[in-house]
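[1] kindly generate the corresponding structure for this input.
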Amino acid sequence: MNNEESCCGCNLKTVAYAVGILGSFLVIALLVTSMRRQTAPPPVNQARAEERAKALKEVRAAEAAGTTEY
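    The predicted structure follows:
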């Protein structure tokens, strides 16, 4: 009879550990999604896209001038 009781206690302990581990993974997943939402950069709008394209064109022109001239 002791073997059956200890086995039942062992199963409950295993289930408790499994629930605890799954719960901690859930909490971490919620924290990660929360931080990703809070730290996400704003979307690139049309003005910012034009500014970045202009800067890229200037950098490429400077590189081209640097590789073809002394």
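
[2] okay, CA-based contacts and neighbour counts for the rest of this
    OK.

[3] following element in sequence after the longest helix seen in the chain, please.
    Assignment by DSSP state H gives helix 2-39 as the longest helix of the chain. In the C-terminal direction, the helix or strand that comes right after helix 2-39 (DSSP states H and E) is helix 46-68.

[4] what's the model's confidence in that next one, averaged?
    In this model, helix 46-68 has a mean pLDDT of 91.

[5] so what does that helix touch, helix or strand wise?
    On a contact count with 3 or more CA pairs under 8 Å, 6 or more residues apart in numbering; DSSP states H and E, helix 46-68 meets no helix or strand.

[6] in CSV, list the C-alpha atoms belonging to that helix.
    C-alpha atoms of helix 46-68 as CSV (Å, rounded to 0.1, in the frame of the first residue of the first chain):
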residue,chain,number,x,y,z
GLN,A,46,7.3,58.4,-47.0
ALA,A,47,9.4,61.4,-45.7
ARG,A,48,11.8,59.1,-43.9
ALA,A,49,12.1,56.8,-46.9
GLU,A,50,13.0,59.8,-49.1
GLU,A,51,15.5,61.0,-46.6
ARG,A,52,17.2,57.6,-46.4
ALA,A,53,17.2,57.2,-50.2
LYS,A,54,18.9,60.7,-50.5
ALA,A,55,21.5,59.7,-47.9
LEU,A,56,22.2,56.4,-49.7
LYS,A,57,22.6,58.3,-53.0
GLU,A,58,25.1,60.7,-51.4
VAL,A,59,27.1,57.8,-49.8
ARG,A,60,27.3,55.9,-53.1
ALA,A,61,28.4,59.1,-55.0
ALA,A,62,31.1,59.7,-52.4
GLU,A,63,32.2,56.0,-52.7
ALA,A,64,32.3,56.2,-56.5
ALA,A,65,34.3,59.4,-56.4
GLY,A,66,36.7,57.8,-53.9
THR,A,67,37.3,54.8,-56.0
THR,A,68,37.8,56.6,-59.3
